[in-house]
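In: Make a model of this:
(2 chains)
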2 protein chains.
Amino acid sequence: MRQSQLFTKTRREAPSDETSKNAQLLIRGGYVHKEMAGVYSYLPLGRRVLEKIERIVREEMDAIGGQEIRMATLHPSEPWKQTGAWENVDVVFKIMSRTEKEYTVGQSEEEIVTPIAQEYALSYKDLPLAVYQIGQKYRDELRAKSGVMRGREFTMKDMYSFHETQEDFDRFYAVAKEAYLKVYERCGLTAKATEASGGSFTKKLSYEFMVLTDAGEDDILYCDKCPYCANVEITKEKEGDACTRCTKSGKLTRAKASEVGNIFDLGTKYSHDFNYTFRDAEGNQQYPIMGCFGIGVTRLMGVAVEAFADEKGIVWPESVAPFAYHLISLAPDDGPVRAFGDELHETLAKRGVEILYDDRKGVSAGEKFADSDLLGIPHRIVISKKTVADGNVEIKERTGAEMRIIAKTDFLSSLG
Amino acid sequence: MRQSQLFTKTRREAPSDETSKNAQLLIRGGYVHKEMAGVYSYLPLGRRVLEKIERIVREEMDAIGGQEIRMATLHPSEPWKQTGAWENVDVVFKIMSRTEKEYTVGQSEEEIVTPIAQEYALSYKDLPLAVYQIGQKYRDELRAKSGVMRGREFTMKDMYSFHETQEDFDRFYAVAKEAYLKVYERCGLTAKATEASGGSFTKKLSYEFMVLTDAGEDDILYCDKCPYCANVEITKEKEGDACTRCTKSGKLTRAKASEVGNIFDLGTKYSHDFNYTFRDAEGNQQYPIMGCFGIGVTRLMGVAVEAFADEKGIVWPESVAPFAYHLISLAPDDGPVRAFGDELHETLAKRGVEILYDDRKGVSAGEKFADSDLLGIPHRIVISKKTVADGNVEIKERTGAEMRIIAKTDFLSSLG
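Out: This is a model prediction of the structure:
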């Protein structure tokens, strides 16, 4: 894509009311536009990042048998009253229609998905069942101050599973946990499956998936030798303690972390609320056990910014970057450089390389490099009168200091 | 995909409160789940249809230079008050938060997109600009009775354009009109660009895109010889009149039609409301002229059902069908037939053919054929003990009576 045609522009300063690093950088880079505290619009670059994340999430959910659907986001109040959430969950938005019907916009979808499963999965032969969607969620937050990491509107993947037995739920819970760890790894993040409280309606533990970052809102204790990790809220252990789960004499380290997903054992709460039973192999009616599996897509984007950004700007992991290459032309007015850049851009685009081509005229080299650092695209290709005269390009990584000059033909061959 | 693993099932009867043909058939086929009047969830088959339509829409909007974004759907009330819509547009939902802030959920996005353009497009060099999104819209309808064709929540592609001059707007208006006609044609529908009233805020005409169908809520008059078509609301012409635009002595025919898109010349209403000006080539500040270009994605799905369904069920145009082929195994318990079906399914899926494989056991041939008719997948492949013993498959089109028996190898070669 030609940067001259991209309608967004970078800006030097973030709005003064924006205190989070992720939103400051995303606004300065033109990735997002702030509508109000906790609500952002995603502009072309931001949309591309979200789609990268969503594709990874979708592939991993499909791989464990999740069936993708799109549930309504405008909900009647009745199922929310049936589960008690209408009264008990403080972030539920309440809408009164012109006809004096009460609605909400979904902050989670147990109230919608349970009746859907109840319509179709009435026999043990229909279970287990896992359905998921990627879509908008809404929370009436009192305060929203962590940029895109905690919003009044955000994009989430939410999966719900239905099982005959606790054993089958536990089996799927373990499968989903591995799929979650794969999602984060593919997004360039190292997440830890962290034991946490199960929330208001269960005494069971849950897993929160935590990425270590100083911007994190949570404190965790993790073992330096084994995968054990716990939210400090649920343990009396402290930094320096010996790990109790560990066969390798690990020690616990305390760190700030950001939640990027969670898995809940919902038990039979919702199947009881909706009186949803299935027929088991003996012909008896049983309440299915449900699980809820969330990944905050917009949140993951914010955490990636927080985790990798440096003093110059965003540093995207390659798998979620809006483009893989940033081609910067330092002399776009010059005939030969223009022709060289246009051709290289076209050649790479045709090969399926995702490339942003800074063909803007009247912008200094310094500004172009600063913009490129801010945008955080992993690989930079620079062309100028000198490189073009020699048939070369200059290659630099976003995070590296070294600039390599190589022949354009060798560069193209290196892409395979 | 194996039908035995698809969690939805068909049902013989639609809910008694559902009066529209599109929703009756979509519910019976397991494409959608009704949450309340005018609000539906889209199940795996329904989601696939929506994605087919969205892909076509996206390709055609990208082709005319539209830049895709994702705007917030939860909006602060301030911009809606600034344009007057908060008071004047009756379908605007009004939400009061816990902190006593007023919000709405978008029923259109002029209030959000104008300030976005105002941030970035401040010079004539930044214009024209066209941005679009595909997402949810919300309308506080008094009644919702046309199934997925007119909902309280629906999926829409909305594009907004910004122009220096009326001439440039008119140029783009014509380009977008052609793109719209391409979208409908690719979706298997013949739409007519219909002259209509410009709505409440302009005396200008607008275009509505109309598909002829008996389920249509509108009445149009169209010329049998030229492209002229008008909503009866804006003309005194009547059926049988000579066409006044026509060089071929056409006559006007009256018909029922369903709107599947619209294009509005918004003039400078919104740029004035937000005091959004750009610097023209002479250095003067000017108000940009805006256009709004909508296509109802869920509505298009409903119209396709209405336009083509027969007494047996849905008939999807190939381009938007959830699958291209429906492979029906009449003896899935039988070893050789099972093996034959599994292998054919895998072979076709590997070749990228979109195929639903009815491998369900204990379901009669009659039920399978009835389900297949209801689901409306364009091409049917039937295998049984007899065809498998002979190395053949039976091929039938959803809309054809003829059943052809051909060798499996010939069938595979015919796919190229």
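
In: so what are the domain limits for chain A?
Out: Taking automatic domain parsing as the reference, chain A has its domains at A:21-308, A:323-414.

In: Show the subsequent helix or strand relative to the longest strand along chain A.
Out: If you go by DSSP state E, chain A has its longest strand at strand A:252-267. Read in the C-terminal direction, the helix or strand following strand A:252-267 is helix A:269-273, with elements assigned using DSSP states H and E.

In: list the helices and strands the helix or strand that comes right after that next one packs on?
Out: Moving toward the C-terminus from helix A:269-273, the next helix or strand (DSSP H and E) is strand A:278-279. Contact partners of strand A:278-279 among helices and strands, from 3 or more C-beta pairs under 8 Å, 6 or more residues apart in numbering or on different chains; DSSP states H and E: strand A:285-286. For glycine as for every other residue, the C-beta is placed from the backbone atoms N, C-alpha and C.

In: Tell me who's in contact with residue A:176.
Out: Contacts of residue A:176 were listed using C-beta atoms under 8 Å, 6 or more residues apart in numbering or on different chains, and they are A:64, A:159, A:161, A:263, A:291, A:293.

In: hmm, try it at 10 Å
Out: Neighbouring residues of residue A:176 by C-beta atoms under 10 Å, 6 or more residues apart in numbering or on different chains: A:60-61, A:64, A:66, A:130, A:159, A:161, A:207, A:261, A:263, A:291, A:293.

In: what does residue A:276 give?
Out: When the contact criterion is C-beta under 10 Å, 6+ apart, the partners of residue A:276 are A:114-115, A:117-119, A:121-122, A:162, A:268, A:270, A:285, A:287-288, A:290.

In: mind checking the SS state of residue A:405?
Out: Going by DSSP: H, G, I helix; E, B strand; the rest coil, the secondary structure assigned to residue A:405 is strand.

In: mind checking how far it is from residue B:76?
Out: Separation of residue A:405 from residue B:76 (C-beta to C-beta, to the nearest Å): 51 Å.

In: Looking at those two now, which is surrounded by more residues?
Out: The residue with more neighbours, out of residue A:405 and residue B:76 and counting by other C-beta atoms under 10 Å in any protein chain shown, is residue B:76; that gives 19 against 13.

In: tell me the contacts of that one?
Out: A:35-37, A:39, A:152, B:101-104, B:111-112.

In: Give me the buried entries from these.
Out: Neighbour counting with 16 or more other C-beta atoms under 10 Å in any protein chain shown marks A:35-37, A:39, A:152, B:103-104, B:111-112 as buried within the contacts of residue B:76.

In: Closest one of those residues to residue A:348?
Out: Of all those, the one with the least separation from residue A:348 (C-beta to C-beta) is residue B:112, at 34.0 Å.

In: Now that closest one: closest residue in space, sequence neighbours ignored.
Out: residue B:71 (4.9 Å; C-beta to C-beta, 6 or more residues apart in numbering or on different chains).

In: Spatially nearest residue to residue A:186 (excluding sequence neighbours)?
Out: With C-beta to C-beta, 6+ apart as the measure, residue A:56 is the residue that lies nearest to residue A:186, at 4.8 Å, once sequence neighbours are left out.

In: which SSE is that neighbour in?
Out: For residue A:56, the host element (DSSP H and E) is helix A:44-63.

In: Excluding chain neighbours, what is closest to residue A:92?
Out: Nearest in space to residue A:92, with sequence neighbours left out and distances taken as C-beta to C-beta, 6+ apart, is residue A:104 at 5.4 Å.

In: how about that neighbour, what does it touch?
Out: Applying C-beta under 10 Å, 6+ apart, we find residue A:104 in contact with A:73-77, A:79-80, A:85-86, A:89, A:92-95, A:111, A:138, A:140, B:95.
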